[in-house]
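# what follows is a predicted protein model with its sequence.
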Amino acid sequence: MSSKQLDVQIMGQSYILGCPEGGETRLMEAVSKVDSAMCKIRDAGKIKARDRIAVLAALNLAFESPEPATAAANPAQSNTDISPDSQQRLTQLLKRLDQILEQDGQLI
C-alpha cells in the first residue's frame, strides 16, 4: 500500500504527516480532534508549554476513545459505559496531572 504526505496545522504549527492512500479523511479527522483538544487547553490559559498541552490533550483523547479491544468486540459501546469508580479515579488522576504540569520544572 502506498502512502502520501499531508501538510496539516495543529495549534498553529505546520506538520507534514505520512498517510496511507485512502486514509486522508480519517487522518484529517484525527488532526481536527487533536487541534481542537490542544487549543481548548491552551485557551483555558493555565498551561502555556506546547509539550504539556500535547500530553494533556493526548490523555483526554485517549480517555474519550473506547479501548481497541472493547471497540472491536462491541462497536456500538461508548465511553459512557465506564464505571463511576473508574471515572472518579481518572478525574482525580487528571486533576493531579494538571497540578503537576502547572508547576514549572516538575517535568522535562
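Done, it's in.
# use CA for all of it now, contacts and neighbours both
Will do.
# got any ranges where the protein has weak pLDDT?
Residue ranges of the chain with pLDDT under 70: 1, 65-83, 86-87, 90-91, 94-108.
# can you show me the helices along it?
Under the criterion DSSP state H, the chain contains helices at 24-44, 50-64, 68-73, 84-102.
# what angle separates the longest one from helix 50-64?
Between helix 24-44 and helix 50-64, the angle formed by their directions is 120 degrees, by axes from the mean of the first three to the mean of the last three CA atoms, to 10 degrees.
# and helix 24-44, what does it pack onto?
strand 3-10, helix 50-64 (3 or more CA pairs under 8 Å, 6 or more residues apart in numbering; DSSP states H and E).
# what's next to it, contact-wise?
Helix 24-44 has contacts (CA atoms under 8 Å, 6 or more residues apart in numbering) with 8-11, 19, 47-48, 53-54, 56-58, 60-61.
# now the angle from it to strand 3-10?
20 degrees.
# hey, C-alpha coordinates of helix 24-44 in CSV?
Once non-C-alpha atoms are left out, helix 24-44 reads as follows in CSV (Å, rounded to 0.1, in the frame of the first residue of the first chain):
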residue,chain,number,x,y,z
GLU,A,24,-6.8,11.1,4.2
THR,A,25,-10.3,11.7,5.7
ARG,A,26,-9.5,9.7,8.9
LEU,A,27,-6.2,11.5,9.3
MET,A,28,-7.8,14.9,8.9
GLU,A,29,-10.5,14.0,11.4
ALA,A,30,-7.8,13.0,13.9
VAL,A,31,-5.8,16.2,13.2
SER,A,32,-9.0,18.2,13.8
LYS,A,33,-9.6,16.4,17.1
VAL,A,34,-6.0,16.9,18.3
ASP,A,35,-6.0,20.6,17.2
SER,A,36,-9.3,21.2,19.0
ALA,A,37,-8.2,19.5,22.2
MET,A,38,-4.9,21.3,22.3
CYS,A,39,-6.5,24.7,21.5
LYS,A,40,-9.1,24.2,24.2
ILE,A,41,-6.4,23.5,26.8
ARG,A,42,-4.3,26.5,25.6
ASP,A,43,-7.3,28.8,25.6
ALA,A,44,-8.1,27.9,29.2
